[in-house]
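**Student:** Got a predicted structure here, sequence first:
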Amino acid sequence: MLAWVLHRIGGVAMVVLVGMHALASFSMQQFGSDLGTAINTVYESPYFQVFVVFFVLFHAINGLRIIVLDVWPKLLEYQREITWLQWLIFVPIYGLTVFILIQRTLSGE
């Protein structure tokens, strides 16, 4: 159930990110307004990036798990093990990504 909820939240997070990016770009190009700058500040912040990276990465890896189970239905009896494998793949990749984000934030890049 947790994977289902996180997968849906990941989809919404991606839609929000793309929507914010489009709104910021449109606002900056058409009006040169501070709205675009404010939106850029939000989605370029490390806190927002950690949030978005979590959900986008989880959505991608969970989507691969769903594809594997759809293509090879005999693996459905091993769904629990495949879910654990998904987490074993997700956690180190996400951890490394967050480490790099924090490192860049602290170094001022």
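**Tutor:** That came in fine, so what should we check first? Numbering: from 1, shown residues only.
**Student:** Name the nearest residue to Thr105, ignoring sequence neighbours.
**Tutor:** The spatially closest residue to Thr105, leaving aside those adjacent along the chain, is Pro46, at 4.4 Å (C-beta to C-beta, 6 or more residues apart in numbering). Any C-beta I mention is one placed from the backbone N, CA and C, and that applies to glycine too.
**Student:** Then Leu17?
**Tutor:** If you skip the residues right next to it in sequence, Leu17 has Val52 as its closest partner in space, 5.4 Å away by C-beta to C-beta, 6+ apart.
**Student:** Tell me how many other residues crowd Phe58.
**Tutor:** 21 (other C-beta atoms under 10 Å).
**Student:** That should have said Ile66, apologies.
**Tutor:** Residues lying near Ile66 (other C-beta under 10 Å) number 15.
**Student:** try the one 3 residues further on
**Tutor:** With neighbours defined by other C-beta under 10 Å, the count for Leu69 comes to 16.
**Student:** Do I have it right that it meets Glu81?
**Tutor:** No - Leu69 is not in contact with Glu81 according to C-beta atoms under 8 Å; the separation is 11.4 Å.
**Student:** mind checking how far Gly10 is from Leu106?
**Tutor:** Per C-beta to C-beta, to the nearest Å, Gly10 is found 27 Å from Leu106.
**Student:** Looking at the two, which one has more neighbours?
**Tutor:** Neighbours per residue, other C-beta under 10 Å: of Gly10 and Leu106, the larger number sits with Gly10, 21 against 9.
**Student:** Contact partners for that one?
**Tutor:** Taking C-beta atoms under 8 Å, 6 or more residues apart in numbering as the definition of contact, the neighbours of Gly10 are 55-56, 58-59, 62.
**Student:** Tell me how far it lies from Gln29.
**Tutor:** Shown here: Gly10 relative to Gln29, a distance of 29 Å by C-beta to C-beta.
**Student:** same thing with Val53?
**Tutor:** Distance from Val53 to Gln29, by C-beta to C-beta: 27 Å.
**Student:** So which of the two has more stuff around it?
**Tutor:** Set side by side, Val53 and Gln29 show more neighbours around Val53, with 17 against 9, by other C-beta under 10 Å.
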